[in-house]
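**Q** pasting the sequence and the predicted coordinates here, then a few questions.
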Amino acid sequence: MDQHLCEIADCLDEVLQLQSRVMDLTEQVSAAAGINPGDRTLRGKVTGLFFGVQAYLEELNRLAKDTA
């Protein structure tokens, strides 16, 4: 079970890194397209997308700890 907890922690780290990369890319593409890169709508979409993934991984983490 410890291996599962380590893998979940790794996934959470990777999700945060990917969220940052996607946000940077979103801002770059938006700026190139003439859209305000600080547009809250775009930031909200990226944040919402990754919030679901993080919440799911945190639930897996709780489940893994409960069964350990």
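**A** Now that the structure is in, tell me what you want to look at.

**Q** C-alpha only now, for contacts and for neighbours.
**A** Fine.

**Q** so which strand or helix has the residue positioned nearest the centre of the chain?
**A** Centroid-nearest residue in the chain: Phe50, 3.5 Å away (criterion: C-alpha atoms, centre = their mean). In the assignment (DSSP states H and E), Phe50 maps to helix 40-67.

**Q** show me which residues of that helix are buried.
**A** 42-43, 46, 50, 54, 57, 61, 64 (16 or more other C-alpha atoms under 10 Å).

**Q** longest single helix anywhere in this protein?
**A** For the chain, the longest helix by residue count, based on DSSP state H, is helix 2-32.

**Q** that helix to helix 40-67, inter-axis angle?
**A** Interaxial angle, helix 2-32 versus helix 40-67 (axes from the mean of the first three to the mean of the last three C-alpha atoms, to 10 degrees): 180 degrees.

**Q** so which elements touch helix 2-32?
**A** helix 40-67 (3 or more C-alpha pairs under 8 Å, 6 or more residues apart in numbering; DSSP states H and E).

**Q** coming back round to it: other SSEs contacting the helix holding Phe50?
**A** Using 3+ C-alpha pairs under 8 Å, 6+ apart as the test, helix 40-67 ends up in contact with helix 2-32.

**Q** residues contacting Asn36?
**A** Asn36 sits next to Ser30 when contact means C-alpha atoms under 8 Å, 6 or more residues apart in numbering.

**Q** may I have the secondary structure class of it?
**A** At Asn36 the chain is in coil, as set by DSSP: H, G, I helix; E, B strand; the rest coil.
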